[in-house]
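Asks: Below are the sequence and a predicted model for it; my questions follow.
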Amino acid sequence: MSIKNIRLEVMQFLEKNVDSFVEQYLIPVEKIWQPSDFLPNSEGENFFEEVKELREIAKELPYDFWVTLVGDTITEEALPTYESWLMDVEGVDQVENGGNGWSKWIRQWTGEENRHGDLLNKYLYLSGRVNMREIEMTTQHLINDGFDIGTGTDPYKNFVYTSFQELATYVSHNRVSQIAKKFGDNKLSKMCKMIAGDEMRHHHAYSEFVTRIFQVDPSEMMLAFQYMMKQKIVMPAHFLRESGQKISSAFEQFSDSAQRIGVYTANDYVEIMQKLINKWEIDKITNLTDEAEKARDYLMKLPARMAKISERIVIPAEGHIFKWVEPARL
């Protein structure tokens, strides 16, 4: 049987448990938080006072913080790209009989993720600290440009990517929450903490999918994990650009801002890799082919190698001035 057919068979095997995955890792619409729970109530008599308070507190937050928050928001708002990508993964069918279990999972995961961009976008708009039109143009560019995360339609590689990326997004939103609290913006801190909580649940789900695959197809899953770590995990917004600029031209400066303020660093990348190695108990997997054994050896040594490289990274002290956040506004 071909590798592709085995992957399809494994996906069909796991699909029998999709309903339990939905029940365990996702929250029903009527029970989960919504963006309006954390924003000034536009129907209330005190709406303008609440907005004024939000704007006053926002004045205390530094430049790199705003750049990072904007970049995180744009990343969340490019959700149509992520949903359409996952719908193309082998084993996912959104057409026949109204879609299979995997398409149901993706739609409901998307429904939860969609709230994140909604909440952060509204906060940015009300804050008065950013250029919303520039942000909106960057978001549209990012959706237009799509992304290429190096997984193709391989479900094994895609689940490695989502396991890693959901944890990275948790780290980023959680750190933003901590910084907002430090500067006295408790409401923004709560928003980002709630988003981070969603990301952690989603990480647990995707990493569980990988755990299940290791149980039935260990060698191919090991090779997929090695492939993704060898080529490195690219961020969903790696094609980030400002208006009038070339594709991907803004991503490095955005990453520098995030590293400078300590929201997401090269060291975090290494720590997430190590957490996945530990979570999937890579050192204990049995019944591997010779090729998969070599992949395991590579993976076990990789975090230490990457840590040495990350120590040599130098972040520019002076940040790029983005069109999204004009210093004069701050």
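Replies: Thanks, I have it.
Asks: Buried ones in stretch 282-292, by neighbour count?
Replies: Buried residues in stretch 282-292, counted by 16 or more other CB atoms under 10 Å: 282, 285, 288, 292. All C-beta atoms are positioned from the backbone trio N, CA, C, and that covers glycine.
Asks: For it, the averaged confidence score.
Replies: For stretch 282-292, mean pLDDT is 97.
Asks: residues in contact with it?
Replies: Contacts with stretch 282-292, where a contact means CB atoms under 8 Å, 6 or more residues apart in numbering, come from 214, 218, 219, 220, 222, 223, 225, 277, 296, 299, 300.
Asks: where along the protein do the helices fall?
Replies: 3-15, 18-25, 47-58, 63-77, 79-87, 101-127, 132-145, 155-182, 186-216, 218-231, 251-260, 266-279, 290-311 (DSSP state H).
Asks: Compare those helices and report which one is nearest to residue 39.
Replies: Nearest to residue 39 among these is helix 101-127 (5.6 Å), distances taken as CB to CB.
Asks: Can you mark which positions in the closest one are buried?
Replies: For helix 101-127, by 16+ other CB under 10 Å, it's 101-106, 108-110, 112-124, 126-127.
Asks: Then stretch 245-261?
Replies: Residues 250, 251, 253, 254, 255, 256, 257, 258, 259, 260, 261 are the ones in stretch 245-261 that count as buried (16+ other CB under 10 Å).
Asks: cool, stretch 145-165 as well?
Replies: Quick answer for stretch 145-165 (16+ other CB under 10 Å): 145, 147, 149, 151, 154-165.
Asks: and if you look at stretch 216-236?
Replies: Quick answer for stretch 216-236 (16+ other CB under 10 Å): 217-229, 233, 235-236.
Asks: Dump that stretch to PDB, restricted to CA.
Replies: Only the C-alpha atoms of stretch 216-236 are listed here, as PDB (Å, rounded to 0.1, in the frame of the first residue of the first chain):
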ATOM      1  CA  VAL A 216      -0.500   3.300  14.600                       C
ATOM      2  CA  ASP A 217       2.100   4.500  12.100                       C
ATOM      3  CA  PRO A 218       5.200   5.400  14.200                       C
ATOM      4  CA  SER A 219       7.900   5.400  11.500                       C
ATOM      5  CA  GLU A 220       6.000   7.700   9.000                       C
ATOM      6  CA  MET A 221       4.900  10.000  11.800                       C
ATOM      7  CA  MET A 222       8.600  10.300  13.000                       C
ATOM      8  CA  LEU A 223       9.800  11.100   9.500                       C
ATOM      9  CA  ALA A 224       7.100  13.800   9.200                       C
ATOM     10  CA  PHE A 225       8.100  15.300  12.500                       C
ATOM     11  CA  GLN A 226      11.700  15.300  11.500                       C
ATOM     12  CA  TYR A 227      10.900  16.900   8.100                       C
ATOM     13  CA  MET A 228       9.000  19.800   9.700                       C
ATOM     14  CA  MET A 229      11.700  20.500  12.300                       C
ATOM     15  CA  LYS A 230      14.500  20.200   9.700                       C
ATOM     16  CA  GLN A 231      12.900  22.800   7.400                       C
ATOM     17  CA  LYS A 232      11.800  24.900  10.400                       C
ATOM     18  CA  ILE A 233       8.300  26.000  11.300                       C
ATOM     19  CA  VAL A 234       7.400  29.200   9.500                       C
ATOM     20  CA  MET A 235       4.900  31.600  11.200                       C
ATOM     21  CA  PRO A 236       1.400  31.900   9.600                       C
END
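Asks: on that earlier part again, kindly reformat the helices of the chain as JSON lines containing distance to residue 244.
Replies: Below are the helices of the chain laid out as JSON lines (distance: least, CB to CB, whole Å):
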{"stretch": "helix 3-15", "distance to residue 244": "42"}
{"stretch": "helix 18-25", "distance to residue 244": "41"}
{"stretch": "helix 47-58", "distance to residue 244": "27"}
{"stretch": "helix 63-77", "distance to residue 244": "16"}
{"stretch": "helix 79-87", "distance to residue 244": "21"}
{"stretch": "helix 101-127", "distance to residue 244": "21"}
{"stretch": "helix 132-145", "distance to residue 244": "9"}
{"stretch": "helix 155-182", "distance to residue 244": "27"}
{"stretch": "helix 186-216", "distance to residue 244": "30"}
{"stretch": "helix 218-231", "distance to residue 244": "31"}
{"stretch": "helix 251-260", "distance to residue 244": "15"}
{"stretch": "helix 266-279", "distance to residue 244": "30"}
{"stretch": "helix 290-311", "distance to residue 244": "33"}
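Asks: Can you report how many residues lie near residue 203?
Replies: Counted with other CB atoms under 10 Å, the neighbours of residue 203 add up to 24.
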